[in-house]
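Engineer: No letters, just coordinates:
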DNA sequence: TGAAATGTTGGGGCG
DNA sequence: ACGCCCCAACATTTC
């Protein structure tokens, strides 16, 4: 028997999947078997990224169900990719391996090694535009978002979404497979392509129209909450882009159009940071800008811990951090506020925050996460200038005006009235008693005073 | 995809 | 009618 491998990495879907499409063509042409393969590589796992790992496992189970409906099944192996592929290639006379290109340094190195020994075909599917196709006229990569996005939009659309197959060649019956352990699903984010498509539909039929403003409101569901699905390719970026563009073409209201355009821009931000990582893999180890590689960071285990656990005494920071801890996701506005707080107010190295986020975000992706952190720290490409320091109280008042979001995640504050919800330490003892919340006991006092912390950060960055 | 400090303007109160 | 002050409301600059 001869076979073709569809090597699944972060493209857990059958709709609009160029790697699957390529594998099907190759299998059909010669009547070969098709092996849908996922390799769990322990080296790829962040030490504490259990929530994301479970989301992936649930996604693999969902994919397996889809494959079984098409007459196939998912094969899962655990170990070193090259070793496993070598063995399969030999055992099942594999003629070709199709996979979607990944741009992380680890994946690039792994794939180039494999390509030296095995017939690995890499196709573009993780992004709409391959990082090598968006370059300045002198051939160097963009390091500023706006010109990058203009160039991105100027390139004609290369391909339209590919249809999902309606049947698949069976995979060899005797192939050994690691059992997918039963996983507890994440109730906030059910894994799988079906759920991803449902969310995209819902988002495109409502929230996206007011996304320009709505995306900033932490107390409302104004965002797409699609990031975990894009992270694992349960949703194709090409498909998301096309559907958003279709909605845009049928929308004439200025506000609604700007909402759609803003969301499309977010897809481009994702590709911007993937491109940055592709061209500058060193960003995972150091600041993009050399002049910010020697900031005199503080090391305070206690402060870092308070930040991680959502016990800083600043409600908007703590609510966001608890949202991350308990749901595996954080609102984008929350990401900016908590990141600014760690890096500027606590003056703790952005890499500690990057690591914590990677350990807890379902959508944790090296490119976007690193890009976001370096943006906030002011050390990255097209980054916020170092003196741009978020005031957590003002941010809270602006983006959670009634404190509903805060109360949802910090039960200790549920009886605190609106006028104090953003800065509960201002309550006098009577008011604290009335709110059933003693500051310093039921809910922590602020671990830093923002005004002083701001001055300290400005001084450190100037130096 | 900031916030604070500083500067400018203009209306209103008042002598 | 006028000058002066206060201060809110913006605008600009600075961090």
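Structural biologist: Yep, that arrived. A quick note: this is a predicted structure, and the numbers were derived from the prediction, not measured. Numbering: from 1, shown residues only, chains lettered A, B, ... in the order given.

Engineer: Can you name the residues of chain A that neighbour DNA strand C?
Structural biologist: Applying CB under 7 Å from any atom of the strand, one finds that chain A approaches DNA strand C through A:385, A:387-388, A:458, A:462. C-beta: built from backbone N, CA, C; applies to glycine.

Engineer: Those into a markdown table, with extra columns for distance to residue A:350 and neighbour count?
Structural biologist: Below are the residues of chain A next to DNA strand C laid out as a markdown table (distance: CB to CB, whole Å; neighbours: other CB atoms under 10 Å):
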| residue | distance to residue A:350 | neighbour count |
| --- | --- | --- |
| A:385 | 15 | 8 |
| A:387 | 16 | 12 |
| A:388 | 14 | 11 |
| A:458 | 16 | 14 |
| A:462 | 17 | 8 |
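
Engineer: from those residues, which is closest to residue A:14?
Structural biologist: Using CB to CB, residue A:388 comes nearest to residue A:14 of the residues of chain A next to DNA strand C, at 43.3 Å.

Engineer: For the residue in the stretch 51-200 of chain A that DNA strand C sits nearest to, which non-adjacent residue is closest in space?
Structural biologist: The nearest approach of the stretch 51-200 of chain A to DNA strand C comes at residue A:144, 18.0 Å away (CB to the nearest atom of the strand). Spatial nearest neighbour of residue A:144, excluding adjacent residues (CB to CB, 6 or more residues apart in numbering): residue A:382 at 4.5 Å.

Engineer: what's the pLDDT at the one you found?
Structural biologist: At residue A:382, the pLDDT value in this model is 85.

Engineer: count of residues packed around residue A:84?
Structural biologist: The tally of other residues near residue A:84 (other CB atoms under 10 Å) stands at 17.

Engineer: so what's the nearest residue to residue A:100 once chain neighbours are set aside up against?
Structural biologist: Excluding its sequence neighbours, the residue lying closest to residue A:100 (CB to CB, 6+ apart) is residue A:125, at 4.0 Å. Residue A:125 makes contact with A:11, A:16-19, A:100-101, A:233, A:236, A:238, according to CB atoms under 8 Å, 6 or more residues apart in numbering.

Engineer: Can you point out the helix or strand that includes residue A:125?
Structural biologist: Counting by DSSP states H and E, no helix or strand carries residue A:125.

Engineer: And it, how far from DNA strand B?
Structural biologist: 23 Å (CB to the nearest atom of the strand, to the nearest Å).

Engineer: same for the top helix by length along chain A, what does it pack against?
Structural biologist: Ranked by residue count under DSSP state H, the longest helix found in chain A is helix A:254-279. Applying 3 or more CB pairs under 8 Å, 6 or more residues apart in numbering; DSSP states H and E, we find helix A:254-279 packed against helix A:145-154, helix A:211-214, helix A:237-249, helix A:366-377.

Engineer: quick one: secondary structure of the residue nearest the centre of chain A?
Structural biologist: Central residue check for chain A by CA atoms, centre = their mean: the C-alpha nearest the mean position is that of residue A:363, 3.3 Å away. Following DSSP: H, G, I helix; E, B strand; the rest coil, the label given to residue A:363 is coil.

Engineer: Can you tell me the closest non-neighbouring residue to it?
Structural biologist: Spatially, and ignoring its direct neighbours in sequence, residue A:363 is nearest to residue A:227 (3.6 Å; CB to CB, 6+ apart).

Engineer: What distance do you get for the one you found to residue A:379?
Structural biologist: Counting by CB to CB, to the nearest Å, the gap from residue A:227 to residue A:379 is 23 Å.

Engineer: Hmm, residue A:216 is touching residue A:222, no?
Structural biologist: Yes: taking CB atoms under 8 Å as the definition, residue A:216 is a contact partner of residue A:222 at 7.4 Å.

Engineer: and the two? which has more neighbours close in?
Structural biologist: For residue A:216 and residue A:222, the more surrounded residue by other CB under 10 Å is residue A:222, and the numbers stand at 22 against 18.

Engineer: Kind regards, and thank you for your time.
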